[in-house]
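1. Provided below are the primary sequence and the corresponding predicted coordinates.
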Amino acid sequence: MTPLRIFAFALLALSFTAALAEEPPALADDVAAKRLPPLAKRLPVVPKVVDVVRPGWAPGRYGGDLRMLMAKDRDIRMMVVYGYARLVGYDEHLHLQPDILERVDNVGNRIFTLHLRAGHRWSDGEPFTAEDFRYYWEDVANNKDLSPFGLPRALLADHKGPTFEVIDDETVRFRWDAPNPQFLAALAAPSPLFIFRPAHYLKQFHARYVGLDKANAIAVAAGSRNWVGYHQKLDEQFRFDNPALPTLEPWINTTALPTTRFVLERNPYFHRVDRLGRQLPYIDRVIINVTDDKLIPARTGAGAVDLQARYLRFDNYTFLKQAEERNRYHVYLWEKAIGSQVALYPNLNVADPVWQKLMRDVRFRRALSLGIDRHELNEVVYFGLGEESANTVLPRSELFRPQFRRAWASFDLAQANALLDQIGLTQRSDDGLRLLPDGRPMELIVDTSGESTEETDVLELIRDDWRKLGIALYPRPSQREVFRKRVFSGMSMMSVWSGLSNAIPTAEMSPAQLAPTTQEQLEWPMWGQYYELSGKGGEKPTLPDVLALVRLYDEWRRATADDERERVWLAMLAIQADQVYTIGTVARALQPVVVRDDLRNVPQEGFFSWDPGAYFGMYHFDTFWFDR
């Protein structure tokens with residue numbers, strides 16, 4: 001151990017000595033029976049100290065079961081989101097901080113030296129060391145059977161992967177020839193880039209370590225075709241559905257699939273402590289019951305949970321509020337950190353050539369945006385609590401500019417009609433619908449996932465507005481998988497979803513969502529696939545401004561200075577605002593968060609954000625506690 005680390009631990013030890021003697025009561029019997037070592041031997045030499053500065057936050061007490069509801073058994077992965085144990089993670093001010101790592105040395109976004117915490121252990125007590133990183137690099141990421149498509153994109157800079165080096169048991173280094181500014185953000189994501197594996201567990205299923213025949217025999221006996229499929233099934237840190245897989249999260253899933261009730265127990269080797277030196281989490285167990293998503297608001301209002309936000313919508317707020325006192329909970333309203341509560345996505349890759357030409361004409365997209373009465377929509381659906389806006393970043397972001405929010409987002413039927421006339425859409429049917437160049441009436445079908453009555457309400461109001469433009473809107477609901485296939489295949493003219501997934505970015509965060517970078521983008525799936533597959537699939541973009549977005553995104557990836565990255569972000573946001581590739585409606589809508597009266601340290605105000613933030617993760621779910 002270096003002198004600096006010895007000194008740091010000595011300082012911590014002065015305040016932690018008494019606390020280290022205080023075992024979480026739920027673990028005391030196991031410690032007394034020597035099934036677990038004492039706390040001082042379970043924590044890293046230098047644990048992560050969580051000292052939250054927030055009104056109402058205070059060190060807590062141990063104990064209790066926290067109840068939550070989920071709609072699908074696969075939602076157990078949300079506990080990896082909420083627990084938010086990451087190599088580095090965002091704090092409440094959206095700054096990256098070491099978490100699992102003790103520190104990171106970053107040289108020009110090209111050389112990252114990761115320093116692990118000495119003495120850190122997996123949930124089964126085995127050491128967490130550089131070997132777990134080596135196993136991932138050599139035996140998973142660079143194994144052609146387990147990773148047939150090569151390295152994850154976050155590990156590529158200028159289409160090249162890094163060199164990897166083990167310095168010692170507690171230090172590893174990733175080195176790129178070109179800057180890779182997305183690396184740390186990928187480690188901090190809600191669905192993170194896992195560049196480590198519990199090697200001691202997975203080696204027993206890997207052909208390199210037990211031999212091909214034995215690995216395949218183990219896999220077949222377990223019901224898999226071969227060792228590759230079985231290893232991949234077991235190695236799912238994010239899915240969190242393998243109770244045998246060691247974890248670094250605050251709670252351990254003890255329940256295998258299929259089930260309708262998950263029980264998660266505290267991780268006795270979790271690496272975080274509070275400022276008094278007491279090991280986190282405070283809460284002993286998390287109980288997750290699986291129920292129909294349509295019943296979750298009702299069961300929440302009946303007092304069946306201690307903490308719930310997922311599957312609650314703003315239109316549940318009045319009902320939930322009415323039962324507050326009776327069922328001993330409070331309803332907080334957090335701001336959603338998305339660019340638009342509901343956004344429309346013209347499909348620029350729609351297969352129909354007539355509609356494709358229209359969707360790629362900026363005048364058409366601007367006309368559709370100008371033809372939406374956002375004020376009425378905000379009043380009717382969101383009780384006037386949202387803000388009328390294009391689909392752009394929120395005021396909390398340092399990249400926010402008022403002109404981006406206002407661009408083509410006023411309600412101006414005259415200008416919208418004039419734009420449609422300029423395109424040449426002047427012929428009308430007997431019932432007043434504009435006619436396409438081939439004589440078909442302008443009947444615009446909008447695909448939805450069919451999961452939200454909120455989307456339905458918004459589309460009904462937009463339908464009435466667009467009818468005044470001579471355009472008929474017809475929603476087409478379908479299951480999410482079918483919905484996405486229709487968009488990706490070009491069968492969909494337009495779709496509806498939420499807006500920018502990260503509307504509170506900093507310049508250090510990737511602007512990938514603003515350029516065609518993945519097939520998952522509903523406005524240009526084929527162009528996104530082209531970039532995603534390095535030109536080996538999809539279609540090459542043709543519009544000049546879209547090509548400009550791709551160039552700017554590549555500039556951001558190569559940038560080494562903050563001011564360069566900020567310049568790129570602002571240029572991309574300006575193009576997005578002017579070209580209206582997506583059509584926003586209302587931003588800063590509110591998310592109900594139901595909190596039991598005696599549950600402490602849950603902020604009354606917050607951002608309900610997938611990335612960055614991991615919903616409750618950014619607010620340290622492991623420090624929530626019951627005042628009983």
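-> Looks like it came in fine.
2. Give me the number of neighbouring residues for the closest residue to L394 other than its chain neighbours.
-> Nearest-residue entry for L394: A503, 4.6 Å, with adjacent residues in sequence omitted and distances by C-beta to C-beta, 6 or more residues apart in numbering. Yep, even glycine has a C-beta here, placed from its N, CA and C like the rest. Using other C-beta atoms under 10 Å, A503 has 29 other residues around it.
3. Okay, A503 and Y382: tell me how far apart.
-> A503 sits 16 Å away from Y382, going by C-beta to C-beta, to the nearest Å.
4. One more: D315?
-> Taken as C-beta to C-beta, the span from D315 to Y382 is 9 Å.
5. which of those two has more neighbours?
-> More crowded of D315 and Y382, by other C-beta under 10 Å: Y382, with 22 against 16.
6. and that one, how far is that from S389?
-> 12 Å.
7. list the residues that contact both of the two?
-> Residues touching both Y382 and S389 (C-beta atoms under 8 Å, 6 or more residues apart in numbering): V586.
8. those helices in the stretch 1-150 of the chain, which residues are they?
-> Assigned by DSSP state H, counting those that start in this stretch, the helices in the stretch 1-150 of the chain fall at 3-20, 25-32, 39-42, 78-83, 130-134.
9. least reliable of those helices going by mean pLDDT?
-> Lowest mean pLDDT within the helices of the stretch 1-150 of the chain: helix 3-20, at a mean of 47.
10. ok, how many other residues are close to the spatially closest residue to V166 that is not a sequence neighbour?
-> Of all residues not flanking V166 in the chain, A130 sits nearest, at 4.8 Å (C-beta to C-beta, 6+ apart). Residues lying near A130 (other C-beta under 10 Å) number 20.
11. mind checking how far A130 is from L187?
-> To L187, A130 is 16 Å away according to C-beta to C-beta.
12. Quick check: chain neighbours aside, which residue is closest to R134?
-> Leaving out its chain neighbours, the residue that sits closest to R134 by C-beta to C-beta, 6+ apart is V166, at 5.5 Å.
13. hey, what's that neighbour bridged with?
-> Note on V166: beta-bridge partners by DSSP bridges are V172.
14. Distance check, it against T506.
-> Going from V166 to T506 by C-beta to C-beta gives 32 Å.
15. So these two - more neighbours on which side?
-> When neighbours are counted by other C-beta under 10 Å, V166 and T506 differ, and T506 comes out ahead with 20 against 15.
16. can you confirm the more buried one is in a helix?
-> No - checked against DSSP: H, G, I helix; E, B strand; the rest coil, T506 lies outside a helix; its state is coil.
17. where does it fall, phi/psi-wise?
-> phi -110, psi 170 (degrees, to the nearest 10).
18. you'd agree it is up against L94?
-> Yes - contact between T506 and L94 holds when scored by C-beta atoms under 8 Å: they sit 5.8 Å apart.
19. In contact with R278, which residues?
-> Neighbouring residues of R278 by C-beta under 8 Å, 6+ apart: A19, E22, P24, P59, Y62.
20. Phi first, then psi, for it.
-> Dihedral pair for R278: phi -90, psi 130, per degrees, to the nearest 10.
21. separation between it and T247?
-> 21 Å.
22. How about the residue in the chain that sits furthest from its center?
-> Farthest-out residue of the chain from its mean C-alpha position, per C-alpha atoms, centre = their mean: D430, at 47.9 Å.
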